[in-house]
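1. The following comprises the amino acid sequence and a computationally predicted model.
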Amino acid sequence: MICRLNTVQSKLVASWVKARVDEGFNPLEIALFVRSDEEVDRAHEAAAEAGLVVQVLTDAIEIQRGAVVVSTMHRAKGLEFRAVVVAGLVVDIRTRNTQSGARMAFVTLDDRSARMEIRVFSRVFEQYRALLAIDKVLVVQGTLAFDDFSGSMRLNAERIYEVDQAREVYAKRLVVDVAEVKAGNGFVHSLANVLLPFCEGSCPVGIRYLGSSAQAHITLGSEWRVHPTDELLHRLRELAGDAQVRVLY
């Protein structure tokens, strides 16, 4: 995973790493690449939160067996990893025909600190071509290896998500805290109106009631599972308050 990490993103990284291990990936096949030395500690914490052995890669040491690698990007040359995720703004798309006549694409992502070109072979291109557009923010999962011909790292895409889709894939739960003073005055009705347009998703919604004499956590029924989009989070925070709405990964 190539990432710039804040606290929320670190939890997303931890969830992503754990999901890859649960799928049968060897930790040695997973790497977290960050753009600067300042972000190495956050990436280390994210991998450790997934319950894994973590190794910070330096120029002087070899990769430890069974460890998830954390490193800055410039140390990736010559290494190969089976599970990598990058995220960024699409700034360039080139397509061409393969020898078999199918279409493939070369997509350049920019995360404000660097750019990476991603190869999207024909099968993946046909599956996700509707998402490929200039100025769209995408999350791409694939395999990373050094390309001797170009002299740079190349990512071969396997899955492509919009940011909202990536959040839905990795989110475990959306939680809304409701204080006693908020619980009345039609709050429940307003909450239902906010959630309804985003239902039929896969993310469970939990309500944490914070009363003066009692507290309770309620998970809404499966019919209230939502697509946890940016717009839904914005509406919920307008209703309940910024600090009262969070996504758990």
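-> Structure's in. What do you need? Numbering: from 1, shown residues only.

2. what's near enough to touch the closest residue to Ala19 other than its chain neighbours?
-> Nearest residue to Ala19, sequence neighbours excluded (Cβ to Cβ, 6 or more residues apart in numbering): Tyr170, at 7.1 Å. Placement of C-beta: from N, CA and C, glycine included. With contacts defined as Cβ atoms under 8 Å, 6 or more residues apart in numbering, Tyr170 is in contact with Leu12, Ser15, Trp16, Ala19, Tyr249.

3. Reformat these as TSV; add distance to Val181, neighbour count and secondary structure.
-> Listed next are the contacts of Tyr170 as TSV, based on distance: Cβ to Cβ, whole Å; neighbours: other Cβ atoms under 10 Å; DSSP: H, G, I helix; E, B strand; the rest coil:
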residue	distance to Val181	neighbour count	secondary structure
Leu12	32	24	helix
Ser15	33	19	helix
Trp16	37	23	helix
Ala19	38	15	helix
Tyr249	29	20	coil
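
4. picking that back up, distance check, the residue nearest to Ala19 against Ala105.
-> 25 Å (Cβ to Cβ, to the nearest Å).

5. Kindly report the same for Leu174.
-> Per Cβ to Cβ, Leu174 is found 33 Å from Ala105.

6. The two: which is more packed in?
-> Leu174 (26 against 19; other Cβ atoms under 10 Å).

7. So Glu168 is in contact with Arg225, correct?
-> No. Counting by Cβ atoms under 8 Å, Glu168 stays clear of Arg225, with 9.8 Å between them.

8. what sits in contact with each of the two?
-> Common contact partners of Glu168 and Arg225 (Cβ under 8 Å, 6+ apart): Gly201, Ser202, Cys203.

9. Just the ones of the residues you listed in strands?
-> The members of the shared contacts of Glu168 and Arg225 that map onto strands under DSSP state E are Gly201, Ser202, Cys203.

10. Contact partners for the last one?
-> If you count contacts by Cβ under 8 Å, 6+ apart, Cys203 has them with Glu168, Ala171, Arg173, Leu174, Arg225, Val226, His227, Pro228, Val247.

11. got those as TSV, with distance to Ala183 columns?
-> TSV is the format used below for the contacts of Cys203 (distance: Cβ to Cβ, whole Å):
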residue	distance to Ala183
Glu168	28
Ala171	25
Arg173	20
Leu174	18
Arg225	22
Val226	20
His227	25
Pro228	23
Val247	22
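
12. Weed out the non-buried ones from the residues you listed.
-> Among those, those classed as buried by neighbour count (16 or more other Cβ atoms under 10 Å) are Glu168, Ala171, Leu174, Arg225, Val226, His227, Pro228, Val247.

13. For the fourth one, give its distance to Arg159.
-> If I follow you right, that is Arg225. Using Cβ to Cβ, we find Arg225 at a distance of 21 Å from Arg159.

14. same check, this time on the last one
-> Here Val247 is placed at a distance of 20 Å from Arg159 (Cβ to Cβ).

15. for the first one, same thing?
-> Glu168 sits 13 Å away from Arg159, taking Cβ to Cβ as the criterion.

16. next one: the fifth one
-> Shown here: Val226 relative to Arg159, a distance of 22 Å by Cβ to Cβ.
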